[in-house]
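Colleague: sequence? don't have it. structure:
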């Protein structure tokens, strides 16, 4: 029986002075914003968007619309691999943690961990393994046991003592809707999350995150123009407070307006039957510079990095651990 991997957490503040560390995944969205001539302006504008949206959603007892501000931490998770006693480690996961500052009571309220999610192994799965598997194939298919290792590594982290020592609640990850699915609005309406939507079919991302132990629900918050995908453990609607949920909505909606303006900064609001499109021309751009093409290219490079530095050298260790890991 192989022993479980151990994890180490490092945290860095995401503010207007943030500079990506050398070992940060450079496709991580916030790292992309923090480079180039306009880096500080990018960061300042992004944080202002987040605070404004938070106060608009948390409007009770907030007559001036400036009661709250959101502080963000980038959480980097390293995994220790004790192969042959060498004590190697690998950068496994990067997520965001929100904290809420209530300027009226001078209190700092813990928000939600998760939000943005990035992982070298996911880059490998989507940008290397999946592409190679389908090269020259007439019909798209998924490799056997696709996403199993990544899913078990993620669940191992969330169940670890390291996670429990740092965070009080399970993570919530918030992503864009898929641009090749259709979403139908339901009658279910939450005061903060807004109207719930249901997709016409399951997506590859849904199936991949299911192996991470996460369920998904789609909601379009008040005054948003498109639904967001919320991936979670447990019960999204009762396990988290309104302020916690607002911290995730305001943060991830701001990022999505920058990354996917065709969907999240569209000039028309999603209707009862909604088909997202990255070809939608009727949208507005933020004043924040983001290089989407570079990000796609780097995802492949970083997937290959994971293959060379993690998947290939530790294949035997990982396969044995995965076979023995009980979900």
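Modeller: Structure received. Owing to the predicted nature of the structure, the values given are computational and were not obtained by experimental measurement.

Colleague: and the gap between residue 132 and residue 259?
Modeller: Using C-beta to C-beta, to the nearest Å, residue 132 is found at 26 Å from residue 259. All C-beta spots, glycine's among them, are computed from the backbone N, C-alpha and C.

Colleague: between these two, tell me which one has more neighbours.
Modeller: The neighbour comparison of residue 132 against residue 259 (other C-beta atoms under 10 Å) goes to residue 259, with 21 against 11.

Colleague: quick check on that one: phi, psi?
Modeller: In terms of degrees, to the nearest 10, the main-chain angles of residue 259 are phi -80, psi -40.

Colleague: please apply the same query to residue 168.
Modeller: According to degrees, to the nearest 10, residue 168 has phi -90, psi -20.

Colleague: so it makes contact with residue 110?
Modeller: Yes: if you go by C-beta atoms under 8 Å, residue 168 and residue 110 touch, sitting 6.5 Å apart.

Colleague: who has more neighbours, these two?
Modeller: residue 110 (16 against 7).

Colleague: pretty sure the more buried one belongs to a helix, no?
Modeller: No: judged by DSSP: H, G, I helix; E, B strand; the rest coil, residue 110 forms no part of a helix; its state is strand.

Colleague: residue contacts, the nearest residue to residue 62 once chain neighbours are set aside?
Modeller: Nearest non-adjacent residue to residue 62, counting by C-beta to C-beta, 6 or more residues apart in numbering: residue 55, 6.0 Å away. Contacts for residue 55 (C-beta atoms under 8 Å, 6 or more residues apart in numbering) come out as 62, 65-68.

Colleague: what is the burial count for residue 187?
Modeller: With other C-beta under 10 Å as criterion, residue 187 counts 6.

Colleague: tell me how far it lies from residue 224.
Modeller: Residue 187 is 18 Å from residue 224, by C-beta to C-beta.

Colleague: could you grab the helix/strand/coil label for the nearest residue to residue 66 once chain neighbours are set aside?
Modeller: Take residue 66 and drop its neighbours on the chain: the residue closest to it by C-beta to C-beta, 6+ apart is residue 55, 6.0 Å away. At residue 55 the chain is in helix, as set by three-state DSSP.

Colleague: quick one: residue 55 from residue 108, how far?
Modeller: 16 Å.

Colleague: perfect, that will be all.
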